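Participant: sequence unknown, structure follows:
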């Protein structure tokens, strides 16, 4: 599931995930909170980690300053 549109903006699902990640959460908890399947959340989290929008600490994901700037 691509998180970044060709024009460099975030997809709506990526925005939803980033907003949910203001508190550290596991991928499972994020999936429950935003109502997306776990495999889509994991894919999105990996993509957003690659570009620095989310970071992982102790198995939990949290929005970064760069992620906040994208919102």
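Facilitator: That came through fine. No experiment lies behind these values; they were computed from the predicted model shown.
Participant: tell me the contacts of residue 59?
Facilitator: residue 26 (Cβ atoms under 8 Å, 6 or more residues apart in numbering). C-beta coordinates here come from the backbone N, C-alpha and C atoms, glycine included.
Participant: and the residue of the chain positioned farthest from its centre, helix, strand or coil?
Facilitator: Largest separation from the mean C-alpha position in the chain: residue 7, at 18.3 Å (Cα atoms, centre = their mean). Under DSSP: H, G, I helix; E, B strand; the rest coil, residue 7 falls in the coil class.
Participant: Start the count at 30 instead of 1 going forward.
Facilitator: New numbering, starting at 30: the last item is residue 36.
Participant: Could you pull up phi and psi at it?
Facilitator: Backbone torsions of residue 36, given as degrees, to the nearest 10, read phi -90, psi 0.
Participant: just residue 54 next, same as before
Facilitator: Per degrees, to the nearest 10, the backbone of residue 54 is at phi -140, psi 150.
Participant: Would you check how far apart it and residue 47 are?
Facilitator: 12 Å (Cβ to Cβ, to the nearest Å).
Participant: Pick out whichever of the two has more residues nearby.
Facilitator: residue 47 (22 against 19; other Cβ atoms under 10 Å).
Participant: Show the contacting residues for that one.
Facilitator: 39, 77, 82-83, 92, 96-97, 99-100.
Participant: same thing with residue 42?
Facilitator: Per Cβ under 8 Å, 6+ apart, neighbours of residue 42: 30, 32, 63, 65, 69, 73.
Participant: so when I look at it, I'm seeing a helix, right?
Facilitator: Yes: the assignment for residue 42 is a helix, going by three-state DSSP.
Participant: any low-confidence regions in this protein?
Facilitator: 30 (pLDDT under 70).
Participant: which helix in it runs the most residues?
Facilitator: If you go by DSSP state H, the chain has its longest helix at helix 67-79.
Participant: counting contacts, what elements does it pack onto?
Facilitator: helix 41-49, helix 56-63, strand 83-86 (3 or more Cβ pairs under 8 Å, 6 or more residues apart in numbering; DSSP states H and E).
Participant: Let me know the angle separating it from helix 41-49.
Facilitator: In terms of direction (axes from the mean of the first three to the mean of the last three Cα atoms, to 10 degrees), helix 67-79 departs from helix 41-49 by 80 degrees.
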